[in-house]
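[1] Everything below, folded, please.
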Amino acid sequence: MLDPSFEITFFGDEDTGEKLLGYRFSSKDPDVVIGPYGLGATLLSLFFPLSLGIGIGLYYRLRSKNIVKIRENAKRLEAEFASALFQLGNRLGDGIPAEIAFAKVADVMEETVSGKFFKLVSSNINRLGMSVEAAIFNSQVGALQKYPSNTIDSSMKVLVQSVKKGPKIAAQALMSIGRYIKEIHRVNERLKDLLADVIGSMKGQIKFMTPVIAGIVIGITSMITTILGKLSKQLAGFATGDSEAAQIGGITQIFGDGIPPYYFQVVVGIYVVQIVIILTILANGIENGSDKLNERFELGNNLIKSTILYCFISFVVIALFNMIASQIMQSTLG
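    As a prediction, the model looks like this:
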């Protein structure tokens, strides 16, 4: 059993009654020590969700950080690839061989991502003496190694096979693929518009609402626990020889000892981390489908930002509310 005389005072002030750890004897069993109920212990408990959220977040972020940059280039290429295919198809339709058509389209679209892709293909053909297929699909220097995309991969496979039938057939195939990609983009934009409210609400919950609400709840819980603990202590002292005070002291025991804010905060902190993970996976699934890379990247960003926001809000609210509660209790009970 711990001796209360060994309790570490918060900021070294015995008169305030604030304790760093705040262990105390149970009202149900005087031989049992419970806690910690102290303000310092509650603030120290914030390091648990902080370490959990930042640890998992950094793991996902560092794992996907560099790959996402390559993925973003591929997405920009997909966004403008339909028009690039039309231009490439027009060159092939004029009877120009595919090896030369890539160079001409690269010159026209020089400042775009599509232009860089076609220039890389042309460079592989002219400098390394590769065929069109090898210039695109080579496992070491192929253009697709820098722009990994299923859409581009499928389009280029169709191009390679159709070129064998002749430039005219290749031109028609590329025109059809270009129209198909434009329709896919149109449908995707329409779906994003329809789901914008749902996705926006989920992202708002992840980045702001969940951390802020949870932080305020922790602060209020800590304040209420502090007030009830001080009231029970004061009324127990007044109860000697005073039947009315004894009756009030008995009423305060209805609430029991209560869960220490230290453990309550740990539970809520884990809940915040879990909610961020679940909502991030759901939001990414709705917006991007089965995209594990973007899911890991979003998990890393959201976990770090939301956990830091939650811990900051909790720290400020806990400290502020407990300060207000202490001043009120001192002015009321003396």
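[2] And the strands in the stretch 1-150 of the chain, which stretches?
    Listed in chain order, the strands of the stretch 1-150 of the chain (DSSP state E, counting those that start in this stretch) span residues 24-25, 33-34.
[3] now do the stretch 201-334 of the chain
    According to DSSP E, counting those that start in this stretch, the stretch 201-334 of the chain contains no strands.
[4] how about low-confidence regions in it?
    Applying pLDDT under 70 to the stretch 201-334 of the chain picks out residues 232-257, 333-334.
[5] how about the helices in it?
    210-238, 243-252, 261-288, 292-333 (DSSP state H, counting those that start in this stretch).
[6] cool, the stretch 51-200 of the chain as well?
    For the stretch 51-200 of the chain, applying DSSP H, counting those that start in this stretch gives helices covering 98-108, 113-128, 132-137, 150-163, 167-194, 196-204.
[7] Report the distance from the longest one to the chain centre.
    In terms of Cα atoms, centre = their mean, to the nearest Å, the centre of helix 167-194 is set 32 Å apart from its chain centre.
[8] ok, and for that helix, which residues are buried?
    By 16 or more other Cβ atoms under 10 Å, the buried positions in helix 167-194 come out as 167, 170-175, 177-178, 181. Using the backbone N, CA and C atoms, a C-beta is placed for each residue, glycine as well.
[9] ditto for the last one
    Along helix 196-204, these residues count as buried under the neighbour rule (16+ other Cβ under 10 Å): 202-203.
[10] before we move on, back to that, out of the helices of the stretch 201-334 of the chain, flag the one nearest K146.
    helix 292-333 (15.7 Å; Cβ to Cβ).
[11] Now do the closest one: distance to the chain's middle.
    For helix 292-333, the distance to the chain centre is 16 Å (Cα atoms, centre = their mean).
[12] and that helix, what does it pack onto?
    helix 39-44, helix 47-93, helix 210-238, helix 261-288 (3 or more Cβ pairs under 8 Å, 6 or more residues apart in numbering; DSSP states H and E).
[13] that older thread, I'd like the helices of the stretch 201-334 of the chain written out as CSV, with mean neighbour count and distance to L39 added.
    Listed next are those as CSV, based on neighbours: other Cβ atoms under 10 Å; distance: least, Cβ to Cβ, whole Å:
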stretch, mean neighbour count, distance to L39
helix 210-238, 19, 7
helix 243-252, 14, 20
helix 261-288, 19, 8
helix 292-333, 18, 5
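[14] which one of those helices lies closest to R190?
    Once those are compared by Cβ to Cβ, helix 261-288 is nearest, at 13.5 Å.
[15] Remind me what that closest one packs against, helices and strands.
    helix 39-44, helix 47-93, helix 196-204, helix 210-238, helix 292-333.
[16] P261 and I313, how far apart?
    Distance of P261 to I313, computed by Cβ to Cβ, to the nearest Å: 15 Å.
[17] same question but for N301, I mixed them up
    Between N301 and I313 the computed distance is 18 Å (Cβ to Cβ).
[18] One more: F117?
    Taken as Cβ to Cβ, the span from F117 to I313 is 46 Å.
[19] Then N73?
    In terms of Cβ to Cβ, N73 sits 37 Å off from I313.
[20] wait, which of the helices of the stretch 201-334 of the chain is closest to V198?
    helix 261-288 (6.6 Å).
[21] In a markdown table: the helices of the stretch 51-200 of the chain, plus distance to I56.
    Formatted as a markdown table, these follow (distance: least, Cβ to Cβ, whole Å):
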| stretch | distance to I56 |
| --- | --- |
| helix 98-108 | 43 |
| helix 113-128 | 33 |
| helix 132-137 | 37 |
| helix 150-163 | 29 |
| helix 167-194 | 28 |
| helix 196-204 | 19 |
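[22] Go through those helices and name the closest to L309.
    helix 196-204 (12.7 Å).
[23] report the angle between the axes of the closest one and helix 210-238?
    50 degrees (axes from the mean of the first three to the mean of the last three Cα atoms, to 10 degrees).
[24] Could you name the helices and strands sitting against helix 196-204?
    Right, helix 196-204 is packed against helix 261-288 by 3+ Cβ pairs under 8 Å, 6+ apart.
[25] okay, the angle between the helix it packs on and helix 196-204?
    Going by the same axes, to 10 degrees, helix 261-288 makes 150 degrees with helix 196-204.
[26] How is the protein partitioned into domains?
    4-54+196-333, 76-194 (automatic domain parsing).
[27] Off-centre distance for stretch 114-131?
    On Cα atoms, centre = their mean, the centre of stretch 114-131 falls 39 Å from that of its chain.
[28] Show the average pLDDT along it.
    Taken as a whole, stretch 114-131 has an average pLDDT of 86.
[29] Pretty sure E78 sits against S149.
    Yes: the pair E78 / S149 is scored as a contact, 5.7 Å apart, by Cβ atoms under 8 Å.
[30] And S139, its phi and psi?
    phi -70, psi -10 (degrees, to the nearest 10).
[31] State the number of residues packed around it.
    8 (other Cβ atoms under 10 Å).
[32] Likewise for the one 10 residues further on?
    Residues within reach of S149, counting by other Cβ under 10 Å, total 18.
[33] Can you name the residues that contact the residue lying closest to it once chain neighbours are set aside?
    Closest residue to S149 apart from its sequence neighbours, by Cβ to Cβ, 6 or more residues apart in numbering: A74 at 4.2 Å. Residues counted as contacts of A74 (Cβ atoms under 8 Å, 6 or more residues apart in numbering) are 147-149, 152.
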